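**Q** let's see this in three dimensions:
(chains A, B, C, D, E and F)
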There are 6 protein chains.
Amino acid sequence: MKRHIRLILPIITKVDGFVDGVAEFENDDFKIDAVNIDIGPSSVENEIDEALAATGVILKAIEAENEGVDAVIIDSCGDAGIFPAREAVSIPVLGAGQTSMHVASMLGGRFSIVTVLDSVVGLFEDLAKKYGVYDHLASIRWIDIPVLDIHKNLGAVKQKLAEESLRAIEEDGANGIVLGCTGFIGCAAFIEKLLKSKGYDVPVVDPTTTCLVISQGLIKLNLSHSKKMYPTPATNKPVIGFNLPLFEPPVQKLKAVK
Amino acid sequence: MKRHIRLILPIITKVDGFVDGVAEFENDDFKIDAVNIDIGPSSVENEIDEALAATGVILKAIEAENEGVDAVIIDSCGDAGIFPAREAVSIPVLGAGQTSMHVASMLGGRFSIVTVLDSVVGLFEDLAKKYGVYDHLASIRWIDIPVLDIHKNLGAVKQKLAEESLRAIEEDGANGIVLGCTGFIGCAAFIEKLLKSKGYDVPVVDPTTTCLVISQGLIKLNLSHSKKMYPTPATNKPVIGFNLPLFEPPVQKLKAVK
Amino acid sequence: MKRHIRLILPIITKVDGFVDGVAEFENDDFKIDAVNIDIGPSSVENEIDEALAATGVILKAIEAENEGVDAVIIDSCGDAGIFPAREAVSIPVLGAGQTSMHVASMLGGRFSIVTVLDSVVGLFEDLAKKYGVYDHLASIRWIDIPVLDIHKNLGAVKQKLAEESLRAIEEDGANGIVLGCTGFIGCAAFIEKLLKSKGYDVPVVDPTTTCLVISQGLIKLNLSHSKKMYPTPATNKPVIGFNLPLFEPPVQKLKAVK
Amino acid sequence: MKRHIRLILPIITKVDGFVDGVAEFENDDFKIDAVNIDIGPSSVENEIDEALAATGVILKAIEAENEGVDAVIIDSCGDAGIFPAREAVSIPVLGAGQTSMHVASMLGGRFSIVTVLDSVVGLFEDLAKKYGVYDHLASIRWIDIPVLDIHKNLGAVKQKLAEESLRAIEEDGANGIVLGCTGFIGCAAFIEKLLKSKGYDVPVVDPTTTCLVISQGLIKLNLSHSKKMYPTPATNKPVIGFNLPLFEPPVQKLKAVK
Amino acid sequence: MKRHIRLILPIITKVDGFVDGVAEFENDDFKIDAVNIDIGPSSVENEIDEALAATGVILKAIEAENEGVDAVIIDSCGDAGIFPAREAVSIPVLGAGQTSMHVASMLGGRFSIVTVLDSVVGLFEDLAKKYGVYDHLASIRWIDIPVLDIHKNLGAVKQKLAEESLRAIEEDGANGIVLGCTGFIGCAAFIEKLLKSKGYDVPVVDPTTTCLVISQGLIKLNLSHSKKMYPTPATNKPVIGFNLPLFEPPVQKLKAVK
Amino acid sequence: MKRHIRLILPIITKVDGFVDGVAEFENDDFKIDAVNIDIGPSSVENEIDEALAATGVILKAIEAENEGVDAVIIDSCGDAGIFPAREAVSIPVLGAGQTSMHVASMLGGRFSIVTVLDSVVGLFEDLAKKYGVYDHLASIRWIDIPVLDIHKNLGAVKQKLAEESLRAIEEDGANGIVLGCTGFIGCAAFIEKLLKSKGYDVPVVDPTTTCLVISQGLIKLNLSHSKKMYPTPATNKPVIGFNLPLFEPPVQKLKAVK
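**A** I've put the predicted structure just below:
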């Protein structure tokens, strides 16, 4: 029986051609699909976006578990809603940011994040601290292009990513690169090649595809996040504004009362 | 002219008698009021509650700034929505958890958090890491009473808090205590007294009232959080499910489209 | 009844016009005065000055407590004598350095200290380590003007402070500034304005006034440093060279025998 | 074409039945085999064993790369020879210890290692420091059974592992368990079940199988360790005692001269 | 020519028999003597004592350098006045606490301090943080006997030291012991023997004698502390209460004016 | 009776003139000699060299202890084989890297390592982490000259070392320098002098000679590494490829079987 991985895009924007990048990770063992959240922002570029996206992510994680999905990936480097979603379900919930940072730490000690805008620098610093990988973080650099503009000129995006990656290596002492936006999918090979032409053979970690293979691994191992760290909450209390079907299919469907 | 501080309770539950605890911090210079959020959970005891509360907090922070409030306090030790709210407004946004941890660090090096349930232990560990005070954290202890049951038997709550505080001092090396729930308001004096009777004269930091005096101080100093760390986001992109009046009164009222 | 805060200037130099800067923090609730120490250096710019000032600070803290003062502030960023003074008395003892560093940490994650001379760089590094805020410290910069020359050309001082603050933000990744000398009182607004004109809206923490509001807050909360961390010493042993009236009014006035 | 993963057992002991544990990770895409080292110890239980094993591991890593293997796993929690092997080859070299610690960090914040003997406690502490995951390490516990005795009474081993894991959770605050010996393969499920019966649903990370799935993932991603961090050494210098065919097939076969 | 090491006892108490313990470190190359400070406390057991002792230490360090002494040792585990003394002179200034902690770190990773009273626990924690060896500190334990009572019953002192050292090893994970009081000179051998009889062969670092050999080493290497970290202060400013002959023999003998 | 210190050069290369540099540390109390390892690399410049050298170091440490040597020094900044050698013997085993880093930490807080090639940067970062002195490490710089070329133009080496040391001080905030190669013996004085001419009086720590004096000190103190941290391994198991005479003179001489 095929196992099922679902990417939760914590945005309301339909991303064309997304399937192309992940299709090669499907095989006889694994089916992959992707869903947008129903409520939330059109892109995730700051803490407000993270907050607006979190509830949508929780809902989609619950939906996924109810549908028999085997693992979900929050397909955004800010990992919107990762810890509450881990509380809500027992299937593995991976975040593109956390997973990439640990993989990069493992492969080269110190890494730099190259991302979209300087507005997320503080956000990534906080994530690295929260995940306990701050000592591995060499620097955070950005290309000054908003998420929603990435596909307007992908060539320029790749070039700028490669340039900032090169600076991270030469000026900040990075031994590896984490692409700090899932919108950069498909760019890693170009960057690696350019860096190699400068004499630097370093891992360039693409967040989405890295999560895909790690989630496949966790499924095979029957391994998930700790429910001691992220315990399933009790649900016998009212909530307003969100219709949260926790622990379906039993009982107390919490209605928005507002 | 009186300056105005607003407590944002990141819950939908009306808390009777709350005003009593904070009234003494009002004076000729400062007016204090408190509001519930309109959408969110009835108590905050886990990461899901934090996520559900965040949007409500952002909305109330924007409302407060628009009404001329001078500082807002997120009156919950998990600091639901603190960083997005800091992005949304320029007036100081304090969190009960972060503020208490820094004050306790300043007064005694290592502190323990005594809280409601073991389900929030991981949450507080993550907060301490994110705030950069993890080395100051001696331990986290809990009394095994849910938030909404605190006022059912306040005497027992105080007694248990004092007992766990004593253990934190004697077994975990704590030099001070942070009360890990704003619902414990009014309990600090009892705990201090009991600890003193055992020979320990240590600070017992009550989160709400600590935030009140710190926010009064920041207002006097005309000091707020860093907008470089928490930059005001651009708002020219659609959001579904939340009606977020950022940067009123101009233009693009973001409507829930759903 | 008015509560009473005393600034202890850990120097023997009379500072004209000092009262101006703090007067606005007096009100119906709080009286503020300032005293010099009787023995010690004329300015604090290195570890020797810190050591020479410490005893004078202890004496003034004891005197203050005996006179019914409610909190004392060591008005120097090196916090001369802070921990021994905390042992000597039970009223809150705040240090300008420690307090500013924690407030800056709370408001923006990473801060830079901008101070007088490079001779205090090591001293501040050690303080940040001792206070457990080293991870928050982005950099230490200096304007190369000794303390006692600050008021000879305050305009140039302000300009240089603003320039180094700008460099701290742009080159060192600081999200906030701590003024590393209490002699810089009155400079914060100018620096904030200049930084804002460059597009950086960040907190510029003035040490003295920050301590004033925090001490007012601690008094209201009836909160002081941990006597477990800073225990009152036994006094039944001789001391030479210092006349230390610990725990007056009883008995064994320790006389200098020399 | 099948990709090829090779387990390097950094010991000279043939392990019967080893194939059983890993066979289920073979499929249409991946072939897995295992080799012993030719020179080295019969088990790895201390720093001397690690040192004796390292050269054998380097040789087997070079051999694997020369034979077209796609990734190698050092199948021992001390990761004998991991960094030199990474210098020697460009295909991914994973260590059972490092990989498990990062996966456990990702799944639950703080983990405990449960291992064979107290003689390796210091060794694991050093590894956790070197890998930058020391803050994630809750404790190290042991069952007091040497590696070579594990299979003499596997039932008792499982029982003791479960007991120490339970203590790690209840007494040391662990949110997950890393099995600190690859000889424990096949024990994780029993431990998980026992812990669940006590109310703890936590990940129990088996080192070998975890490495297998992570290495499969890295191969799919075409991702390897950083050659900037682990650069290929120059080889124009003599070596005595080891016949190290670095960078075959060219030239200067380094002969043992002794 | 014999080189000259001077122990500065940062107390006013004459210690009988002290010479015995250090005499064996004298030889054809090294002369050792010891001086009390002229002003300060009779023992060092808290931060106030540290502060009272610092000036006396600075004076004795200057005196020593003027007399041609080659290195000074502050013979107290709190290292009273170490950093100001390093500013005052160019000859090496070692502290018993700092030196012991680094030697213990080097010999066994994690160490425990066993000291006199619980009143110095916070003090040692702060020192370990300031010196950057906090991660090496397994625990701090005490025998509850004041410094001045050590020699009243040295047998009991040794026994208690050994017992607490044993607990540090078995309960706190220490791999070595630092004796946390220079008054414990002569006790290390007894403790080592008792620990060995329990199966623990660990270093027991005696602070005074450790400083003696390290200072001999630094003298041979012509190596001293960094004057960039501890710069010589300018002296053209008045001081009251201390007659500090800095940089003799020139000019501006700073007189106590009081 | 003379005590005996042995330098173990973890290389097979005979170093002419080496004796000159260490001869001055011999005296009536101490005899010093040096041995090469019998199997291993001709220089140590990467992790492979470290691994190839380790067994040779263990063998020479055992040989030294058997011959009555009182302490051994691994004369290479990578400390090849230090921890296994500590397991193998009870006499003190010092590493040039670890010892220098701790001494530099003690003398000036933050230090930079100036070494031969950029290929060892990652190696030194890992060492600093493993030894727990990472926070003291200001930077790692290199002169781009391989170990075996040092003596081809010692003048240029000294000049480059001084230049990089100067940069470390002025650009990286170092307060002291650790020479990151034992081949730099005899260079420290030149560097110190050049730095002093630029106004920087900082310690330049030469690894070999620093180890010599520290080992002399440990011998006098009868102090060695912790056998709890580095326990003597059991030897009742076969090894192939190495003839390791552990625990002579008894029994089970482990033969290379290959």
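
**Q** contacts only, for residue A:37.
**A** Residues in contact with residue A:37, defined by C-beta atoms under 8 Å, 6 or more residues apart in numbering or on different chains, are A:8, A:9, A:10, A:11, A:12, A:53, A:56, A:57, A:59, A:60. Heads up, the C-betas are built off the backbone N, CA and C, glycines and all.

**Q** show the pLDDT at it.
**A** pLDDT, residue A:37: 95.

**Q** and for residue A:239, the neighbour number?
**A** Residue A:239 is flanked by 23 other residues according to other C-beta atoms under 10 Å in any protein chain shown.

**Q** pLDDT score for it?
**A** 81.

**Q** try the one 4 residues further on
**A** Residue A:243 is assigned a predicted lDDT (pLDDT) of 67.

**Q** same question for the one 3 residues further on.
**A** Reading off the confidence values, residue A:246 has pLDDT 55.

**Q** over to residue A:96?
**A** With respect to pLDDT, residue A:96 has a value of 97.

**Q** ok, now how distant is residue A:70 from chain E?
**A** Distance of residue A:70 to chain E, given as C-beta to the nearest C-beta, to the nearest Å: 39 Å.

**Q** in contact with residue A:50, which residues?
**A** Residue A:50 sits next to A:44, A:78, A:80, A:81, A:123, B:84 when contact means C-beta under 8 Å, 6+ apart.

**Q** residue of the stretch 51-200 of chain A nearest chain E, please.
**A** Proximity of the stretch 51-200 of chain A to chain E (C-beta to the nearest C-beta) peaks at residue A:135, 11.7 Å away.

**Q** tally up the residues packed near residue A:53, please.
**A** Considering only other C-beta under 10 Å, residue A:53 is surrounded by 28 other residues.

**Q** err, residue A:107, not the other one
**A** If you count neighbours by other C-beta under 10 Å, residue A:107 ends up with 25.

**Q** with residue A:196 instead?
**A** Other residues near residue A:196 number 12, with proximity taken as other C-beta under 10 Å.

**Q** near the single nearest residue of the stretch 1-150 of chain A relative to chain F, how many other residues are there?
**A** Distance from chain F to each residue of the stretch 1-150 of chain A (C-beta to the nearest C-beta) is smallest for residue A:109, at 6.2 Å. Neighbours of residue A:109 under the rule other C-beta under 10 Å: 27.

**Q** do you know the pLDDT at it?
**A** Confidence score, pLDDT, at residue A:109: 87.

**Q** from residue D:133, how far out is it?
**A** Distance, residue A:109 to residue D:133, by C-beta to C-beta, to the nearest Å: 12 Å.

**Q** got a ChimeraX select line for the buried ones in the contacts of residue A:50?
**A** A single ChimeraX command selects the buried members of the contacts of residue A:50 (16 or more other C-beta atoms under 10 Å in any protein chain shown):
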select /A:44,78,80,81,123 /B:84
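
**Q** as CSV, the contacts of residue A:50 with secondary structure, pLDDT and distance to residue D:190 would be great.
**A** Converted to CSV, the contacts of residue A:50 look like this (DSSP: H, G, I helix; E, B strand; the rest coil; pLDDT from 0 to 100; distance: C-beta to C-beta, whole Å):
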residue, secondary structure, pLDDT, distance to residue D:190
A:44, coil, 92, 41
A:78, coil, 96, 38
A:80, coil, 97, 37
A:81, coil, 97, 34
A:123, helix, 93, 41
B:84, helix, 96, 44
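
**Q** may I ask which two of the contacts of residue A:50 are separated the most?
**A** Greatest spatial distance among the contacts of residue A:50 (C-beta to C-beta): A:81 and A:123, at 14.1 Å.

**Q** following the helix or strand that contains residue A:64, which helix or strand comes up?
**A** Assigned by DSSP states H and E, residue A:64 belongs to helix A:47-66. The helix or strand immediately downstream of helix A:47-66 is strand A:71-74, counting by DSSP H and E.

**Q** now do that next one: which elements does it pack against?
**A** Applying 3 or more C-beta pairs under 8 Å, 6 or more residues apart in numbering or on different chains; DSSP states H and E, one finds that strand A:71-74 makes contact with strand A:3-9, helix A:47-66, helix A:82-88, strand A:93-95, helix A:207-221.

**Q** and for the nearest residue to residue A:241 once chain neighbours are set aside, the neighbour number?
**A** Residue nearest to residue A:241 in three dimensions, not counting chain neighbours: residue B:39, with 2.6 Å by C-beta to C-beta, 6 or more residues apart in numbering or on different chains. When neighbours are counted by other C-beta under 10 Å, residue B:39 registers 19.

**Q** thinking again about what came up before, any idea which of the helices and strands packed on strand A:71-74 is most buried?
**A** By mean neighbour count, with neighbours taken as mean count of other C-beta atoms under 10 Å in any protein chain shown, strand A:93-95 ranks first of the helices and strands packed on strand A:71-74 at a mean of 29.

**Q** quick one: list the elements packing against that strand.
**A** Applying 3+ C-beta pairs under 8 Å, 6+ apart, one finds that strand A:93-95 contacts strand A:71-74, helix A:82-88, helix A:207-221.

**Q** which parts of stretch A:24-32 are buried?
**A** For stretch A:24-32, by 16+ other C-beta under 10 Å, it's A:25, A:30, A:32.

**Q** residues contacting the first one?
**A** Looking back up the chat, that one is residue A:25. Residue A:25 touches A:32, A:209, A:212, A:213, A:216, D:220, counting by C-beta under 8 Å, 6+ apart.

**Q** which strand or helix spans residue A:127?
**A** helix A:121-130.

**Q** for residue A:12, which non-adjacent residue is spatially closest?
**A** Distances taken as C-beta to C-beta, 6+ apart put residue B:240 closest to residue A:12, at 4.8 Å, once the chain neighbours are dropped.

**Q** hang on, the one you found packs against residue A:36?
**A** No. Counting by C-beta atoms under 8 Å, residue B:240 does not reach residue A:36; the two are 9.5 Å apart.

**Q** give the intersection of the neighbour lists for these two.
**A** Here residue B:240 and residue A:36 have residue A:12 as joint contacts, going by C-beta under 8 Å, 6+ apart.

**Q** for chain A, give me the ranges with low pLDDT.
**A** Flagging of chain A using pLDDT under 70 yields the residue ranges A:16-20, A:235-236, A:243-258.

**Q** dump the buried residues of stretch A:24-32 into TSV; add secondary structure as well.
**A** Below are the buried residues of stretch A:24-32 laid out as TSV (DSSP: H, G, I helix; E, B strand; the rest coil):
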residue	secondary structure
A:25	coil
A:30	strand
A:32	strand
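
**Q** nearest to residue A:159, out of these: which one, please.
**A** Using C-beta to C-beta, residue A:25 comes nearest to residue A:159 of the buried residues of stretch A:24-32, at 26.5 Å.

**Q** what separation is there between that closest one and residue A:34?
**A** Going from residue A:25 to residue A:34 by C-beta to C-beta gives 12 Å.

**Q** for residue A:178, which three-state class applies?
**A** Following three-state DSSP, the label given to residue A:178 is strand.

**Q** ok, now which ones touch it?
**A** With contact taken as C-beta under 8 Å, 6+ apart, residue A:178 is in contact with A:100, A:101, A:104, A:111, A:112, A:113, A:114, A:205, A:207.

**Q** my read is that the second one contacts residue A:128, right?
**A** Yes. Checked against C-beta under 8 Å, the pair residue A:101 and residue A:128 is within contact range at 6.5 Å.

**Q** what's the overlap in contacts for those two?
**A** When contacts are counted by C-beta under 8 Å, 6+ apart, residue A:101 and residue A:128 are jointly contacted by A:136, A:137.

**Q** nice, that's everything, thank you.
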